[in-house]
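>>> structure, please.
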Amino acid sequence: VLLSGVVGSTAYGLAREGSDVDRLGVFAVPTEELHGLRGPRESYVTTAPDRTLHEAGKWCRLALGCNPTVMELVWLPDELYEVRTGLGDELIGIRGAFLSARRVRDAYLGYAEQQFRKLRGRGDVARGAGNRARVAKHARHLRRLCEQGFELYRTGRLTLRVEDPESYHRFGERVADDPEAAVPLLSDFEAAFARTSGVLPQAPDEAAAEAWLRRVRRCFYAPG
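Purely as a prediction, here's the structure:
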């Protein structure tokens, strides 16, 4: 494991009593395993504890698409890292290389719209305490994705811990009462992305990502 830390609601400041503690990490396989008939396993997902690990090559591919979930790993506050190696520090150091304007916009707005479809769908089924809680959770994530994605698009930086967490919980409750209450927020951020040029390049710096991945492969190459 090259880099691992606590992500999700704990990192956002949205955790409450009973919330899951989610962990995300990136690992390297022995380079020799990449040359066989069958490639190595690229992801490991466990529960109790909730942990997802992606192999370095897969993590880079996802990050170059500005996947909001994997991007969290390189923007965590220092105290939330649990494993941090030299290669992990290098990855944090080149985190900006993975960013591009179109991919940030498409990924974050796309994930937000996905959350909206989920909460709208759940709003159509019989309401119960569990269903209401899931709708509220999807609503909180919708708002977070919009705000964090726009910050990343506009400034090139990502702040995981949200301002005023209680306002996110109140928003979630409003949307649990009426899923259509999320529409104005989503529309506002779609318009904000459209009228803002931001600071990100049009394409990511794949050369920097490639150079880091090749350093990983050299470090884990042990012939014979």
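
>>> residue 56 - how many residues pack around it?
For residue 56, the neighbour count with other C-beta atoms under 10 Å is 22. For the C-beta atoms, the positions are set from N, CA and C on the backbone; glycine is no exception.

>>> hey, what's residue 26 bridged with?
Taking DSSP bridges as the rule, residue 26 bridges to residue 3, residue 54.

>>> buried residues in the top helix by length along the chain, which are they?
Longest helix in the chain by number of residues (criterion: DSSP state H): helix 129-155. For helix 129-155, burial by neighbour count (16 or more other C-beta atoms under 10 Å) applies to 132, 135-154.

>>> off-centre distance for that helix?
Put simply, helix 129-155 sits 12 Å off its chain's centre (C-alpha atoms, centre = their mean, to the nearest Å).

>>> show me what it packs onto, helices and strands only.
Packed against helix 129-155 by the contact rule (3 or more C-beta pairs under 8 Å, 6 or more residues apart in numbering; DSSP states H and E) you find helix 68-71, helix 101-123, helix 165-177, helix 183-195.

>>> isn't residue 150 right up against residue 191?
No: the pair residue 150 / residue 191 is not scored as a contact, 10.7 Å apart, by C-beta atoms under 8 Å.

>>> report pLDDT for the nearest residue to residue 83 once chain neighbours are set aside.
Spatial nearest neighbour of residue 83, chain neighbours left out: residue 4 (4.0 Å); criterion: C-beta to C-beta, 6 or more residues apart in numbering. With respect to pLDDT, residue 4 has a value of 98.

>>> equivalent analysis for residue 180, please.
For residue 180, the predicted pLDDT is 92.
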